[in-house]
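A.B. asks: next input, structure requested:
(one chain, ligands or ions: 1)
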Amino acid sequence: MSLVSGQEVIRECASRGLVAGAFNTTNLETTMGIVQAVEKTGVPTFIQVAPTNAVLSGYEYIYDMVSRRVAGTDVPVALHLDHGRTLDDVRAALAAGFTSIMMDASGHPYDQNVKLSAEARALCPPGIALEVELGSIGGKEDDHGPEREFTTDPAEVADFVEAVGCDLLAVSAGNVHGYAPDARLDLDLLRRIQEAGSVPLVIHGGSGLGADQLGVLSDYDVVKVNVASDLRNAMIRTFGEAYVANPHEYSLIRVSTASVQAISDVVEQRIRSFNPRLGSPVAQS
Ligand code: 13P
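C.D. replies: Numbering: from 1, shown residues only. A predicted model of the protein is given here:
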């Protein structure tokens, strides 16, 4: 099937009581691993890339690769710009054919965040989902972190959502980007954010959250959970282990194929973690 809009992934998940994963890709192996798990679980999904990772290939290659792989599947998949920081990021992703956009102006003061987020809304044609961020999520994506981090203020949510007209709101409530095994969501804060505005919520930093935390997110109107570091580590680990086992290893295709399976296993575990009723046939690592 063709790529669908982000709004369609949200609608489809909401109608089936599911939470969509949003998995970051950088390259072919990651894309193959994500879609393999999506096909196995049947859960509509976002595949996403941030400008920091699009530098390797550019948005057009990412679009071509993802849309070609998704053409062979029946499960709805949207291609999402993760953490667009500028309106030029948004324009570039839209021009390449992305079907869902995040404008992250959360590092700016509130009024500037509203202004930039609303400008991104104006750039997105009808049907393209727009995610924005209120509060600033801590931690690092690759080598990039926010200048300051602070939790989402529930008192700002309703006005912000109304002023921007967003489809999705990314929130900061204890979730942290990157390798953060001690991250704990403040579920009381998440409840207050949920009650403050009627907008579907997004949790970034999925790699650092345990299954106990991920498994309750649908109770808080969370419809999208971002996961990146776990997939990246699965790929790097596969290559590292292959080299340690045999420094003379030269079969790139064997190790690449093993990395696809390792990524697929991680993605499947995560999809099952935030959709506990699917069960868990893959052993947790
Ligand atoms: P993790 O790397 O912690 O999974 O976070 C990913 C993310 O939130 C991408 O926006």
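A.B. asks: how about the residues of the protein by the ligand?
C.D. replies: Contact residues (Cβ under 6 Å from any ligand atom) of the chain with the ligand: 24, 82-83, 141, 177-178, 204-208, 226-230. Quick note: C-beta positions are derived from backbone N, CA and C, even for glycine.
A.B. asks: looking at those, which are in helices?
C.D. replies: Applying DSSP state H to the residues of the chain next to the ligand, the entries found in helices are S229, D230.
A.B. asks: which ones among the residues of the chain next to the ligand lie within strands?
C.D. replies: Mapping those onto strands (DSSP state E) picks out N24, D82, H83, H177, N226, V227.
A.B. asks: quick one, what contacts the residue in the stretch 1-150 of the chain positioned nearest to the ligand?
C.D. replies: Nearest to the ligand in the stretch 1-150 of the chain, going by Cβ to the nearest ligand atom, is D82, at a distance of 4.7 Å. The neighbours of D82, taking Cβ atoms under 8 Å, 6 or more residues apart in numbering as the test, are A22, N24, Q48, V49, A50, M102, N226, A228.
A.B. asks: what do you get if the cut-off is 7 Å, keeping everything else the same?
C.D. replies: Taking Cβ atoms under 7 Å, 6 or more residues apart in numbering, we find D82 in contact with N24, Q48, V49, A50, M102, N226.
A.B. asks: how many residues are close by the second one?
C.D. replies: The reference is to Q48. 31 (other Cβ atoms under 10 Å).
A.B. asks: packing partners of the strand or helix carrying it?
C.D. replies: Assigned by DSSP states H and E, Q48 falls within strand 45-49. Strand 45-49 is packed against helix 6-16, strand 20-24, helix 28-41, strand 77-84, with contacts defined by 3 or more Cβ pairs under 7 Å, 6 or more residues apart in numbering; DSSP states H and E.
A.B. asks: dump the residue contacts of the closest residue in space to V70 that isn't next to it in sequence.
C.D. replies: Nearest residue to V70, sequence neighbours excluded (Cβ to Cβ, 6 or more residues apart in numbering): V77, at 4.7 Å. Neighbour list for V77: L3, V4, V38, T45, I47, V70 [criterion: Cβ under 7 Å, 6+ apart].
A.B. asks: which secondary element of the protein has the worst mean pLDDT?
C.D. replies: Across the helices and strands of the chain, mean confidence by mean pLDDT, DSSP states H and E is lowest for strand 138-139: a mean of 80.
A.B. asks: got the contact list for that strand?
C.D. replies: For strand 138-139, the surrounding residues in contact (Cβ under 7 Å, 6+ apart) are G145, P146, E149, V176, H177, G178, A180, G205.
A.B. asks: if you set the cut-off to 8 Å instead, what comes out?
C.D. replies: For strand 138-139, contacts defined as Cβ under 8 Å, 6+ apart pick out G145, P146, E149, S172, V176, H177, G178, A180, A183, G205, G208.
A.B. asks: sorry, back to before: adding mean pLDDT, write the helices and strands packed on strand 45-49 out as a markdown table.
C.D. replies: Shown next, in a markdown table, are those (pLDDT from 0 to 100):
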| stretch | mean pLDDT |
| --- | --- |
| helix 6-16 | 94 |
| strand 20-24 | 98 |
| helix 28-41 | 98 |
| strand 77-84 | 98 |
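A.B. asks: and these as CSV, adding distance to S264?
C.D. replies: What follows is these, written out as CSV (distance: least, Cβ to Cβ, whole Å):
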stretch, distance to S264
helix 6-16, 19
strand 20-24, 10
helix 28-41, 4
strand 77-84, 14
